[in-house]
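Engineer: I'll drop the sequence and a predicted model, then ask my questions.
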Amino acid sequence: MNNELLEALNILEQEKNISKETLLEAIENSLLTACKNHFGKAENVKVVIDPDTCEYHCFQEKTVVENVEDPIEQISLPNAQMINRKYELGDVVQVEVKSKEFGRIATQNAKNVILQKIREEERKVIYDEYNSKEKEVVTGVVQRYIGKNVSINLGKADALLTESEQIKGEVFNPTDRVKVYILEVKATSKGPKILVSRTHPELVKRLFESEVAEVREGIVEIKAISREAGSRTKIAVWSNDPDVDPVGACVGMNGARVNAIVNELRGEKIDIITWDENPAILIQNALSPAKVISVIADADEKSAKVVVPDYQLSLAIGKEGQNARLAARLTGFKIDIKSETQARESGDFIDYENDYEDDEEYYDDYESNETASAESEPEYTENATDAEE
């Protein structure tokens, strides 16, 4: 029996990842419960279990008295001396209780205690495992639709992809494998409740970490992300190694790396631009693929005025303002975009060379803006929207 018990505990430890110590504690509690059901009390019951052999003994501690009034806690001197002749009045005797003496109800209750403990520990192990993966990306298998929500199996537990966290227009079929971002893991009486997302900007960041070794190793940093899930994402990257091109590392040879992420996001367009500490240059890069003539950025007000060529205005703004909106989120600046003609008519376009060449303050601004506008457009823009979109 002890060998069978030991083997069962080892199997549970391996398959359910529940420690043997926890299971032995459950057995001890079950024996105490059985004693309480059988005798009516268990305050004087002691259980001893050998963790190596799983051999266990259950004892009742009884006081030796001359006249027994409570047979559960007391024992007569003659009966005590039958166990050991050295016992005298007032001594405490350990009387072994055989578990086979327990009634059916007591045995059933003991069994329920063990099963309940196993279920609790199993839920705790699963919760701890997925709680450690919170804010990470995992791969799951689509199970079924629950209303407008989707149940996704992550292996040991099911996660819920709510309607608000789904990419608009994305349709799932049972057995589809998808990558999801774990938003939150909650402990409930029925096990962990796992909420996942397909729209969170961090999903894109984690996908780049898994796909691009330089990002995973910290050589290339993703400084900022702005995303409209299912449509377009802009990311700003920076290299801590001057010999590593951050945009090229993220794009990969022939676009292999970024295309793998685009495919995972089912065609979502991704613009990769170079991060710069200079807000003017950063804003110019963020408005890619549009070309920029000049940028005047106010760091205190977090606002910027941008002038683009007339034929580039629709491209800079983007379809329904998307390009400008994503650039504003990426940089944290409120961006006002005007065409060259509009800027000249409103007086916002400044010809620095003719009007301010003697003004040192404006000349400094001019140099900064000329530097920004003279920069070539970002090395790579994946699936750039053309002006007619």
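Structural biologist: Happy to help now that I have it. None of the values given here were measured: they were computed from a predicted structure.
Engineer: So residue 187 belongs to a helix, correct?
Structural biologist: No: the assignment for residue 187, made by DSSP: H, G, I helix; E, B strand; the rest coil, is strand rather than a helix.
Engineer: if I pick it, what's in contact with it?
Structural biologist: Residues counted as contacts of residue 187 (CB atoms under 8 Å, 6 or more residues apart in numbering) are 123, 127, 193. All C-beta spots, glycine's among them, are computed from the backbone N, C-alpha and C.
Engineer: Just among those, which is most surrounded?
Structural biologist: residue 127 (19 neighbours; other CB atoms under 10 Å).
Engineer: ok, for it, nearest residue in space, not its chain neighbours?
Structural biologist: Once flanking residues are discounted, residue 127 sits nearest to residue 192: 4.2 Å by CB to CB, 6 or more residues apart in numbering.
Engineer: List the residues that contact that neighbour.
Structural biologist: 123, 126, 127, 130, 131, 157, 185, 186.
Engineer: Distance check, the third one against residue 18.
Structural biologist: It refers to residue 127. In this view, residue 127 and residue 18 are 13 Å apart by CB to CB, to the nearest Å.
Engineer: where exactly do the helices run in the stretch 251-389 of the chain?
Structural biologist: Remark: helices assigned in the stretch 251-389 of the chain by DSSP state H, counting those that start in this stretch are 256-264, 279-286, 313-317, 322-331, 340-346, 352-355, 360-374.
Engineer: Output the second one as CSV - backbone C-alpha positions only.
Structural biologist: In CSV, the C-alpha atoms belonging to helix 279-286 read as follows (Å, rounded to 0.1, in the frame of the first residue of the first chain):
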residue,chain,number,x,y,z
PRO,A,279,11.9,66.6,-31.6
ALA,A,280,12.0,68.2,-35.1
ILE,A,281,13.9,65.4,-36.7
LEU,A,282,11.7,62.8,-34.8
ILE,A,283,8.5,64.4,-36.1
GLN,A,284,9.9,64.5,-39.6
ASN,A,285,10.7,60.8,-39.4
ALA,A,286,7.3,60.0,-37.8
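Engineer: before we move on, back to that, which single one of the contacts of residue 187 is nearest to residue 210?
Structural biologist: When the contacts of residue 187 are compared for distance to residue 210 (CB to CB), residue 127 wins out at 24.2 Å.
Engineer: Quick check: phi and psi on residue 236?
Structural biologist: The phi/psi pair for residue 236 (degrees, to the nearest 10) reads phi -110, psi 130.
Engineer: That one - how many residues pack around it?
Structural biologist: Residues lying near residue 236 (other CB under 10 Å) number 24.
Engineer: thought it was touching residue 274?
Structural biologist: Yes: between residue 236 and residue 274 there is a contact at 7.2 Å, judged by CB atoms under 8 Å.
Engineer: Could you list the low-pLDDT ranges of this protein?
Structural biologist: 1-5, 38-40, 42, 99-107, 110, 348-389 (pLDDT under 70).
Engineer: Recalculate using a threshold of 80.
Structural biologist: Residue ranges of the chain with pLDDT under 80: 1-20, 23, 27-28, 30-45, 48-60, 70-72, 94-114, 117, 346-389.
Engineer: What is the longest helix of it by residue count?
Structural biologist: In the chain, assigned by DSSP state H, the helix with the most residues is helix 104-131.
Engineer: picking that back up, what's the overlap in contacts for residue 236 and residue 274?
Structural biologist: Listed as contacting both residue 236 and residue 274 by CB under 8 Å, 6+ apart are residue 285.
Engineer: residues contacting the nearest residue to residue 76 once chain neighbours are set aside?
Structural biologist: Nearest residue to residue 76, sequence neighbours excluded (CB to CB, 6+ apart): residue 68, at 5.2 Å. Residue 68 sits next to 74, 75, 76 when contact means CB under 8 Å, 6+ apart.
Engineer: Which ones among those map onto helices?
Structural biologist: Among the contacts of residue 68, no residue falls in helices (DSSP H).
Engineer: Kindly present those residues as CSV, with separate columns for distance to residue 28.
Structural biologist: Shown next, in CSV, are the contacts of residue 68 (distance: CB to CB, whole Å):
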residue, distance to residue 28
74, 25
75, 24
76, 29
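Engineer: By neighbours, which of those residues wins?
Structural biologist: Within the contacts of residue 68, most neighbours by other CB under 10 Å means residue 75, with 25 neighbours.
Engineer: And what about the residue nearest to residue 127, helix, strand or coil?
Structural biologist: Following three-state DSSP, residue 192 is assigned to strand.
Engineer: Quick one: end-to-end distance for stretch 156-164.
Structural biologist: 24 Å (CA to CA, to the nearest Å).
Engineer: With stretch 141-154 instead?
Structural biologist: One end of stretch 141-154 sits 7 Å from the other (CA to CA).
Engineer: Could you work out the end-to-end span of stretch 164-179 for me?
Structural biologist: Taking CA to CA, stretch 164-179 runs 17 Å from one end to the other.
Engineer: Let me see the residues that make contact with that stretch.
Structural biologist: With contacts defined as CB under 8 Å, 6+ apart, stretch 164-179 is touched by 137-145, 150, 152, 183, 195-200, 203, 207, 229-230, 264-266, 268.
Engineer: which of those are buried?
Structural biologist: Among the contacts of stretch 164-179, the ones that count as buried by 16 or more other CB atoms under 10 Å are 137-138, 140, 142-143, 150, 152, 183, 195-200, 203, 207, 229-230, 264-265, 268.
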